[in-house]
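**Q** can't give you the sequence, but here's the structure:
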């Protein structure tokens, strides 16, 4: 039977499927417009906020006050140049609306995005990060300038204003938050989507992100004039990730870590398709190669991404250095493609204590308690000697970390950690020694050494992000550290194709009446506004923008 507090028949002006960031933004906008809203969420109430709650909180902004204070000269034109070079749109049909969404999002990021969030109390760390640096020419992929604005409060800080708005409406009865309501079908009548049906799952005390049960207590049906699908992507469903893995990225890994909870399973994509929606660009995805096993996991195969500075030496599984410009933090998909074609599922960072202290950050709100908790005294600890506490905890406890006093010990440890892979210790030694010889002069032919020196021309990198150049084998910089890296699933870049009003389009290109989509389920807008590659800080931003568009458009339905 249904839970007593969750009636089997629900009705409102609009239904939002998914209580993550995109869904909460859409719901908040609907409520602002005076509409009543039902938010359907299969997970327990503890997971309100979805994937965004776990995020580092990076937001892509263009020509912000934070950039200007650091001497960064950005512009809409430069950002568009970088976006289109990275996106590589090459599909006339599937990319038709994706291009339009990209243009609209760039205008938003250069325009009212910051003021809109600032007006709700959102603030940012003063040092802007430089993610996805590219390393090619001006007309190739990557950020020409730093644009990664870290939210004060990280992911929870981004989500908080929208939770507050929805909770306030819940208190007055205009919003219904229906947790443990799993949608199994969209209700279609006379060609229009008019609601959703599914199962009321049994109560579950699972903590945020942890796996919850799928026992069924009853059924429900909800009715509304508008239904917004904001259910996320597929990163927790490794079978689906492998099924959609494109040949251009090599073979899918046998072993992957999950950067998102298991409930990010892609169920609603097929359900929406059965209701008439069109799925596009499913082969475009964004997974990281700097994943490490969480020594204190919350969900199955829980991985954490290292957000690296540019100084670590990157070796493949056999000990060969990665080619230019595949340096840490420069080219996510280029590195993924290269490593997948080596035939092995892991690679290595080799670095020093000096590098880890300044250059290693861990993605995730829970890995950054100072920023997440808005704790200034704890934040100031970062400028003292030693790596941040969570990084040191991984170094001590993580299965992927090797710490050694000399190179022989380090190389031996790397070989022993992966005994079935033919690790060429002498090749690895030669790579490290040769790189160290390049440090004797201020000039060099080593592109990575030149890049890390150039990076320190940016104030933000010199202050807190890039270690002063030094030899890896300098005893004063030790001990030596090796980190085994895994593929970490994260984002699907395709999804339901939508027009600029977030209306889901059918196979014939016309809107499916009553059906909208936002966030990752819509490829962050248009079925894939990133194209093939992200410039980073654009996933949370894509949820914000597409959720806002969907909520405002559905309010007019």
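**A** Everything's here; your move. Note that the structure is predicted; figures quoted are calculated from it, not measured.

**Q** Would you check that residue 45 makes contact with residue 177?
**A** Yes - in this structure residue 45 lies within contact range of residue 177 using C-beta atoms under 8 Å: 7.4 Å. For every residue, glycine as well, the C-beta is placed using N, CA and C.

**Q** In the chain, where is pLDDT below threshold?
**A** Within the chain, the stretches with pLDDT under 70 are 1-7.

**Q** Looking at the chain, which helix is longest?
**A** helix 154-172 (DSSP state H).

**Q** same for that helix, what does it pack against?
**A** helix 21-32, strand 37-41, strand 175-179, helix 369-372, helix 539-555 (3 or more C-beta pairs under 8 Å, 6 or more residues apart in numbering; DSSP states H and E).

**Q** circling back to that earlier point, so residue 45 and residue 177 - more neighbours on which side?
**A** residue 177 (21 against 13; other C-beta atoms under 10 Å).

**Q** Return the residues in contact with the more buried one.
**A** Neighbour list for residue 177: 19, 39, 41, 45, 48, 166, 170 [criterion: C-beta atoms under 8 Å, 6 or more residues apart in numbering].

**Q** hmm, try it at 6 Å
**A** 39, 170 (C-beta atoms under 6 Å, 6 or more residues apart in numbering).

**Q** Could you pull out the strands in the stretch 251-400 of the chain for me?
**A** 257-258, 279-280, 285-293, 303-307, 313-316, 346-352, 361-362 (DSSP state E, counting those that start in this stretch).

**Q** looking at those strands, which is closest to residue 331?
**A** Nearest of these to residue 331, taken as C-beta to C-beta: strand 285-293 at 10.0 Å.

**Q** Relative to the longest strand along the chain, what are the paired strands and their orientations?
**A** For the chain, the strand with the greatest residue count under DSSP state E is strand 480-492. When pairs are called by DSSP bridges, strand 480-492 turns out to pair with strand 257-258 (parallel), strand 285-293 (antiparallel), strand 346-352 (antiparallel), strand 401-404 (antiparallel).

**Q** about what we covered before: tabulate the strands of the stretch 251-400 of the chain in JSON lines, adding columns for mean neighbour count.
**A** Supplementary listing: the strands of the stretch 251-400 of the chain in JSON lines, determined by neighbours: other C-beta atoms under 10 Å:
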{"stretch": "strand 257-258", "mean neighbour count": "24"}
{"stretch": "strand 279-280", "mean neighbour count": "22"}
{"stretch": "strand 285-293", "mean neighbour count": "23"}
{"stretch": "strand 303-307", "mean neighbour count": "25"}
{"stretch": "strand 313-316", "mean neighbour count": "24"}
{"stretch": "strand 346-352", "mean neighbour count": "24"}
{"stretch": "strand 361-362", "mean neighbour count": "22"}
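
**Q** now the ones you listed in JSON lines, with distance to residue 54?
**A** Output for the strands of the stretch 251-400 of the chain, formatted as JSON lines (distance: least, C-beta to C-beta, whole Å):
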{"stretch": "strand 257-258", "distance to residue 54": "11"}
{"stretch": "strand 279-280", "distance to residue 54": "25"}
{"stretch": "strand 285-293", "distance to residue 54": "14"}
{"stretch": "strand 303-307", "distance to residue 54": "10"}
{"stretch": "strand 313-316", "distance to residue 54": "26"}
{"stretch": "strand 346-352", "distance to residue 54": "23"}
{"stretch": "strand 361-362", "distance to residue 54": "12"}
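
**Q** Please state the backbone phi and psi of residue 239?
**A** When read as degrees, to the nearest 10, the backbone of residue 239 gives phi -60, psi -40.

**Q** Report how many residues lie close to it.
**A** There are 10 residues near residue 239, going by other C-beta under 10 Å.

**Q** now the one 5 residues further on
**A** A count of neighbours around residue 244, defined by other C-beta under 10 Å, yields 18.

**Q** Could you check how far it is from residue 331?
**A** 21 Å (C-beta to C-beta, to the nearest Å).

**Q** again, but for residue 309
**A** 15 Å.

**Q** ok, now residue 343?
**A** 20 Å.

**Q** Comparing the two, which shows the higher neighbour count?
**A** The residue with more neighbours, out of residue 343 and residue 331, is residue 331; 24 against 12, by other C-beta under 10 Å.

**Q** any chance of the strands paired with strand 480-492 in a markdown table, with distance to residue 60 too?
**A** Converted to a markdown table, the strands paired with strand 480-492 look like this (distance: least, C-beta to C-beta, whole Å):
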| stretch | distance to residue 60 |
| --- | --- |
| strand 257-258 | 24 |
| strand 285-293 | 14 |
| strand 346-352 | 26 |
| strand 401-404 | 31 |
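
**Q** right, and the ones you listed - which one's nearest residue 509?
**A** Per C-beta to C-beta, nearest to residue 509 of these: strand 285-293, 24.3 Å.

**Q** Contacts for that closest one next, please.
**A** So strand 285-293 is in contact with 257, 303-306, 335-336, 339, 398-400, 485-493, 534, going by C-beta under 6 Å, 6+ apart.

**Q** Good, wrapping up.
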